[in-house]
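>>> got a predicted model here, sequence first, then my questions.
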Amino acid sequence: TYAGLRLVGFTERRNNLNPAYVIQLYRIPMHRLFLSLILSLLLLSSEAQYTVIGRIVDSSTQEPLSRASVFCQNTTYGTATDKEGRFQLPLREGGYDVTISYTGYQSQVVRVTAATELNILLVKKDNSLSEVVLKSSYEVADGWEKYGDFFQEHFIGGSEIAKQCMIRNREALRFLYYKRSNRLKVLANEPIVVVNPALGYEISYQLDSFVYQYNTQYYLYRGYSFYTELTGDDSVRANWARNRKAAYQGSRLQFMHNYYDSTLQENGWLIDLLDETDETVFRKVNPYDTTYYAAPDSSGEIEIWYPRKMSITYKKKFPESEYLKKMKLPKSTPYCISYIDLKDPILIRSNGYFYNQSDWMQQGYWVWKNLGDQLPFDYEPD
């Protein structure tokens, strides 16, 4: 009865029902009340989820591929095919890049935003090329000893959370240094396995390449990750929850969520755009002005486009001292600021997924917040 009273009171506050109607609700038998609640939760769940199904076969023989890997990039969502090559992958509302891979075959990536059925034909790799290992004259024999710490700082990050991360398979990394261009390139023979004890994840990162230009201090890396939850007792999991919440505050993922929900201002975000005539001045803009923003349509996506560099300020968090020291900023710096260049408009979905991600170039705070502080797209904030 007390549970029923609390629920009715909440309904009254939300819907401004009159007291007589509230009393009428209260007289509903408890078993019917619980049944209605269960049905409501099922309806909400069905609206917030969809399932991707499919079958994976050899492109030449049409034979099913059992135990093929199917996972969504930068999430914890993954599964494997059965003996018939079939799979089912339940997903929360939003967008995802689904990666399909199988040993000895070329991987495929498919973007999904709604329930769909995939019929995937995987093509075998050319063994005559894959088995040839070219020993480049630029490869550094003792690469990890020379560049390991430098790579880890720029790939995983320099925050307190990132410093706790560990690369489990360092031997998979290859370091190449090009003296003429003063450039470092890092490749990997297999996915890099990063253990993050502070956030409670093991991350499998498929690195395409990491390139650092010493002359300009500009660097770029491309790849995709898959997150697996670590195991721990209640106290450990509570600590992970606190750390994840702290990592979420001011993150790019939170920014995408708040932009989609039209809650940028109340969550402490400001967007400024580089002045068209003066490249030393940023001017405040309304992020929901139709010049820069298109509201969700039937596809459930918003579109944003800024023709010049924009600065994104998060006002509800002080920058970490490690960041200020690294960027040589005054200790009195009050806010976390990132700078973004868009090559083309990007589309954002409700879970923070956006594309095309290659059109998003960032500098500043979010560059410092690398893999070690990032959360998967399926992270659910309070």
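Arrived safely. Residues are numbered from 1 along each chain as shown.
>>> could you use CA atoms for every contact and neighbour count after this?
Fine.
>>> may I have the secondary structure class of Arg237?
Look at Arg237: counting by DSSP: H, G, I helix; E, B strand; the rest coil, its state is helix.
>>> apart from its chain neighbours, what residue comes closest to it?
Of all residues beyond its chain neighbours, the one nearest Arg237 is Gly200 (7.6 Å), with distances taken as CA to CA, 6 or more residues apart in numbering.
>>> would you list the phi and psi of that neighbour?
Main-chain dihedrals, Gly200, degrees, to the nearest 10: phi 80, psi 30.
>>> now do Gly352
Backbone torsions for Gly352, taken as degrees, to the nearest 10, come to phi 90, psi -10.
>>> Gly95 versus that one, what's the distance?
Note on Gly352: its distance to Gly95, by CA to CA, to the nearest Å, is 8 Å.
>>> pLDDT wise, what is Val367 at?
Looking at Val367, its pLDDT is 88.
>>> low-confidence ranges, the stretch 51-200 of the chain, go.
By pLDDT under 70, the low-scoring segments of the stretch 51-200 of the chain are 127-136.
>>> try it again with 50
Counting by pLDDT under 50, the stretch 51-200 of the chain contains low-confidence residues at 128-134.
>>> quick one: the strands in it, in order.
Counting by DSSP state E, counting those that start in this stretch, the stretch 51-200 of the chain has strands at residues 69-72, 78-80, 86-92, 96-101, 108-112, 116-122, 166-167, 173-178, 183-188, 192-196.
>>> again with the stretch 201-350 of the chain
Counting by DSSP E, counting those that start in this stretch, the segments of the stretch 201-350 of the chain that form strands are 201-213, 218-229, 269-274, 282-284, 293-294, 302-304, 310-314, 336-342, 346-348.
>>> got those as CSV, with mean neighbour count columns?
Listed next are these as CSV, based on neighbours: other CA atoms under 10 Å:
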stretch, mean neighbour count
strand 201-213, 19
strand 218-229, 16
strand 269-274, 19
strand 282-284, 14
strand 293-294, 16
strand 302-304, 20
strand 310-314, 21
strand 336-342, 19
strand 346-348, 20
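>>> want to throw these into a markdown table with mean pLDDT and distance to Gly372?
Formatted as a markdown table, the strands of the stretch 201-350 of the chain follow (pLDDT from 0 to 100; distance: least, CA to CA, whole Å):
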| stretch | mean pLDDT | distance to Gly372 |
| --- | --- | --- |
| strand 201-213 | 94 | 9 |
| strand 218-229 | 91 | 12 |
| strand 269-274 | 96 | 23 |
| strand 282-284 | 95 | 30 |
| strand 293-294 | 96 | 31 |
| strand 302-304 | 97 | 27 |
| strand 310-314 | 97 | 20 |
| strand 336-342 | 95 | 18 |
| strand 346-348 | 96 | 23 |
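>>> distance of the nearest residue in space to Gln254 that is not next to it in sequence relative to His257?
Beyond its immediate neighbours in the sequence, the residue positioned closest to Gln254 (CA to CA, 6+ apart) is Tyr248, lying 6.2 Å away. Per CA to CA, Tyr248 is found 11 Å from His257.
>>> go on, Tyr178?
When CA to CA is the yardstick, Tyr178 and His257 sit 40 Å from each other.
>>> same deal with Lys326?
Lys326 sits at a distance of 28 Å from His257 (criterion: CA to CA).
>>> neighbour-wise, which of those two wins?
With other CA atoms under 10 Å as the criterion, Lys326 and His257 differ in neighbour count, and His257 comes out ahead with 20 against 10.
>>> check the more buried one and give its pLDDT.
97.
>>> give me the number of residues near the residue nearest to it when sequence neighbours are not counted?
Leaving out its chain neighbours, the residue that sits closest to His257 by CA to CA, 6+ apart is Gly352, at 5.2 Å. For Gly352, the count of nearby residues is 23 (other CA under 10 Å).
>>> sweet, I'm off.
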